[in-house]
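**Student:** sequence? don't have it. structure:
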């Protein structure tokens, strides 16, 4: 990569790889967690702070979306997320911040990939929410009433 920051295409490609890796977890809880954290991480790093706080429906912070990083799970010292400092505090230009974010996110993507591989190696049974059942009929006093309602057996 050149000395300038990453292009829009490179950032979108990295975002897609994050979502793809998060989707590759076999465990429902890990999969949904890392999908949510990936979205929050990119929103908080790339959008203006005022817009990032309002676009993330999962942010527990009132008006600040703290940067979400998978490595925070490994380090015990960072048990509580700290809000990101205001942009005026020595964070350099926007291009430098995006470049630093991109480099950090590439390293964290490798960690996420390894975690996904381990999760698939030791996968458990699927949860009930992952196994949709087709319900036939609408219940009522019709033919379904003799089989337990909604077409389900007694």
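**Tutor:** Okay, I see it. Everything numeric here is computed off the predicted structure, so don't read it as measured data.
**Student:** only C-alpha atoms from now on, for both contacts and neighbour counts.
**Tutor:** Will do.
**Student:** name the element residue 9 belongs to?
**Tutor:** helix 8-23 (DSSP states H and E).
**Student:** right, and the helix or strand after that helix?
**Tutor:** Next along from helix 8-23, by DSSP H and E: helix 28-46.
**Student:** what about this protein, any weak spots by pLDDT?
**Tutor:** 1-3, 52-92, 136-154 (pLDDT under 70).
**Student:** ok and the lengthiest helix in the chain relative to helix 8-23, angle-wise?
**Tutor:** For the chain, the helix with the greatest residue count under DSSP state H is helix 94-121. Between helix 94-121 and helix 8-23, the angle comes out at 20 degrees (axes from the mean of the first three to the mean of the last three CA atoms, to 10 degrees).
**Student:** elements contacting helix 94-121?
**Tutor:** Applying 3 or more CA pairs under 8 Å, 6 or more residues apart in numbering; DSSP states H and E, one finds that helix 94-121 contacts helix 8-23, helix 28-46.
**Student:** show me what counts as buried in that helix.
**Tutor:** For helix 94-121, the neighbour count (16 or more other CA atoms under 10 Å) marks 98-99, 101-102, 105, 108-109, 112-113, 115-116, 119 as buried.
**Student:** quick revisit: right, so the helices and strands packed on helix 94-121: which one is the most enclosed?
**Tutor:** Mean neighbour count (mean count of other CA atoms under 10 Å) peaks for helix 28-46 among the helices and strands packed on helix 94-121, with a mean of 19.
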